[in-house]
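Engineer: just coords:
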């Protein structure tokens, strides 16, 4: 996996030169050939017109990444990833490739959209139709921008933020997930191409739910996204991430980083519905979703709440975490993770209690079906300074069929006697009794399974914003279609 | 309405029903009694279409159709209802939501329009009154944390809402105190109709004091060995089952 470090310097130069040559011909088409070195990173940074501090940060990250080893501690089977075969910068696909209208889109994909109840004009966008002509959301997006601007909220692509608000980016970037954090986060720090930036000034309650969906220029942020959300003192923001329809993404590795910073009294709610391509029924293909998400309750009385519904990806490997630095701060994690067919999920959270009277709640619901493997991995760490810290963890697993697996790895490190930490865990099989009960009331098997699974996930779904909750339920139904019987 | 002929069935690997015959007409209430292990509950499960029970011989005709050929949800939509002996809990699934889904699936099957939430709630409230259930039932999970009596009441509530043509009550009286028994029995009695048949499987005569059957059958070792009217139940109460068995063997 790691490239051979014993390379002859002349050979290295030659290889680099070859890449450089590649740039010349490829600059016009805005794509670099596969491979990663400092030139590629410099190219990305230049291409995006970044200030020097960004380039320096990227290069520091890259150099550090070279010293790291790909981690293998998770409960996962991972095909080797060839980092030199990935193209790290690619502009949106030329229109010639993209379908020109909905008629040209794979009917199976449209059928799924239909089941999810996604409006027609949105389907076009999700299917990757060359939308300029078809899609008229520009006016919608503009209205959003104006309302946010009035409230003083900054919500833009990461690239735009680097251009327009470099001082904010420089101040907060990497302050929760340092570039040295872990293999994938470090790689992301070196090569990320875009993502979202949110800044909510002091005392402002963001007037609407923010969503990647409504952000302009976000048609395709690629496989290395970077999101940074800063909530100043006393502000509130709710952010929705994700795509509730299967994206046709041929890329294998998706290594994103999300950083949240909540200052005194601020509240950030971050909801994700992830449905990347999970691979086919035989486990061929699919996205490796290796994501680092972390928030810091930096100020007293602040709160960060993560809610995730993970139904897609061949492998999901992520632990949205909270560092509870401020006194009385609150961290929450609500998760539903599905592993069907040959999907694997190793997900959970870390709650790091540092401040006094900090509180955290973890509710994790894992659903395994087919040959799916689902692991909950969570750390609750209470430092000596975290007097009277409290944690409650509940993690439940639901098994469908007899070829899947559920695993629980709870870690607890409590270093003050004043803390209280509670952990509850259950594993259940979707009961024949429950199923038969529903059938005997006239309900179809498919509806019965949906009902039972949704009941199991209720505690998490109720944390999602209303419109997302409905989509999440539908999505779960689609993901588990045909997994019983 | 229901004709069972020479029914043989396995519960798992075990031969439980060994040539059972039964004829139930519309508007009739039948009680099937018998000692433990005689096959009472197996009969109820086989009629409802539970997996794990296999019919090895015989036939069941319901409203002129081969009932055994239908999957369980189709049987329910055709008007067969089983009130469970041990109703299962389904955490997080709202009691009323399940009931509405069932009712609408049945209505759809009959070619009727689906009920909207308002119509449905009006209907459920009315039936809840009948079963003396309080409002909190509306918001609880299916049988979640219900007492034994509440579960049985809930079964009859479901029956009242789904309005089956053939209701099978599997030991509906077990685990009920006398007050709860009265409520459940009143509920069932109010559902007696000319076009509806009710088959009660029970251990005890007690239930029959409240729900008066037209016919009483004694099930023993997988067969009906004696049938009679309600006086048979009283005799069983007095004399036990042995004399019937001896009579049948003679």
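Structural biologist: Thanks, I have the structure now. As the structure is a computational prediction, the values presented were derived from the model and not from experiment.
Engineer: By mean pLDDT, point me to the weakest helix or strand of chain A.
Structural biologist: When the helices and strands of chain A are scored by mean pLDDT, DSSP states H and E, helix A:9-26 comes last with a mean of 36.
Engineer: Let me know the next secondary structure element after that one.
Structural biologist: The element immediately downstream of helix A:9-26 (helix or strand, assigned by DSSP states H and E) is helix A:38-47.
Engineer: hey, where'd the strands end up in chain B?
Structural biologist: Remark: strands assigned in chain B by DSSP state E are B:2-11, B:14-24, B:29-33, B:53-62, B:65-66, B:80-83, B:90-94, B:141-142, B:166-170, B:197-202, B:215-220, B:223-228.
Engineer: right, so of those, which gets closest to chain A?
Structural biologist: Closest to chain A of the strands of chain B is strand B:90-94 (C-beta to the nearest C-beta; 3.0 Å). C-beta: built from backbone N, CA, C; applies to glycine.
Engineer: That closest one and chain A in contact?
Structural biologist: Yes - using C-beta under 8 Å from any C-beta of the partner chain, strand B:90-94 reaches chain A at B:90, B:91, B:92, B:93.
Engineer: if we can go back for a sec, I'd like the strands of chain B as JSON lines, with mean neighbour count and mean pLDDT appended.
Structural biologist: JSON lines is the format used below for those (neighbours: other C-beta atoms under 10 Å in any protein chain shown; pLDDT from 0 to 100):
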{"stretch": "strand B:2-11", "mean neighbour count": "19", "mean pLDDT": "96"}
{"stretch": "strand B:14-24", "mean neighbour count": "17", "mean pLDDT": "96"}
{"stretch": "strand B:29-33", "mean neighbour count": "24", "mean pLDDT": "96"}
{"stretch": "strand B:53-62", "mean neighbour count": "16", "mean pLDDT": "96"}
{"stretch": "strand B:65-66", "mean neighbour count": "12", "mean pLDDT": "96"}
{"stretch": "strand B:80-83", "mean neighbour count": "26", "mean pLDDT": "97"}
{"stretch": "strand B:90-94", "mean neighbour count": "21", "mean pLDDT": "90"}
{"stretch": "strand B:141-142", "mean neighbour count": "23", "mean pLDDT": "92"}
{"stretch": "strand B:166-170", "mean neighbour count": "25", "mean pLDDT": "96"}
{"stretch": "strand B:197-202", "mean neighbour count": "25", "mean pLDDT": "95"}
{"stretch": "strand B:215-220", "mean neighbour count": "23", "mean pLDDT": "95"}
{"stretch": "strand B:223-228", "mean neighbour count": "18", "mean pLDDT": "94"}
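Engineer: got the residues of the stretch 351-485 of chain A near chain B?
Structural biologist: Applying C-beta under 8 Å from any C-beta, we find that the stretch 351-485 of chain A lies next to chain B at A:431-434, A:436-445, A:447, A:451-452, A:454-459.
Engineer: In chain A, which residue is most central in space?
Structural biologist: Geometric centre of chain A, nearest residue: residue A:291, 5.7 Å, by C-alpha atoms, centre = their mean.
Engineer: Can you tell me the element that residue falls in?
Structural biologist: Assigned by DSSP H and E, residue A:291 falls within strand A:288-297.
Engineer: residues of that strand that come out buried?
Structural biologist: A:288, A:289, A:290, A:291, A:292, A:293, A:294, A:295, A:296, A:297 (16 or more other C-beta atoms under 10 Å in any protein chain shown).
Engineer: Can you say which two of those residues are spatially most distant?
Structural biologist: Comparing every pair within the buried residues of strand A:288-297 by C-beta to C-beta identifies A:288 and A:297 as the most remote, at 29.8 Å.
Engineer: So which residues of the stretch 301-450 of chain A form strands?
Structural biologist: A:303-310, A:315-318, A:321-324, A:330-339, A:344-353, A:359-368, A:373-382, A:390-399, A:405-414, A:420-429 (DSSP state E, counting those that start in this stretch).
Engineer: packing partners for the third one?
Structural biologist: Identification of packing neighbours for strand A:321-324 by 3 or more C-beta pairs under 8 Å, 6 or more residues apart in numbering or on different chains; DSSP states H and E yields strand A:288-297, strand A:330-339, strand A:344-353, strand A:359-368.
Engineer: partners of that strand, with directions?
Structural biologist: Strand A:321-324 has these partner strands in its sheet, going by DSSP bridges: strand A:288-297 (parallel), strand A:344-353 (parallel).
Engineer: want to throw those strands into JSON lines with mean pLDDT?
Structural biologist: Shown next, in JSON lines, are the strands paired with strand A:321-324 (pLDDT from 0 to 100):
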{"stretch": "strand A:288-297", "mean pLDDT": "92"}
{"stretch": "strand A:344-353", "mean pLDDT": "92"}
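Engineer: residue ranges of the helices in the chain, please?
Structural biologist: Since you didn't name a chain, this refers to chain A. A:9-26, A:38-47, A:52-66, A:107-116, A:120-126, A:138-151, A:158-164, A:166-172, A:183-191, A:432-439, A:445-461, A:466-479 (DSSP state H).
Engineer: Please refer instead to chain B.
Structural biologist: Here chain B has its helices, by DSSP H, at B:40-48, B:72-77, B:95-109, B:117-130, B:148-162, B:178-190, B:206-210, B:230-239, B:242-249.
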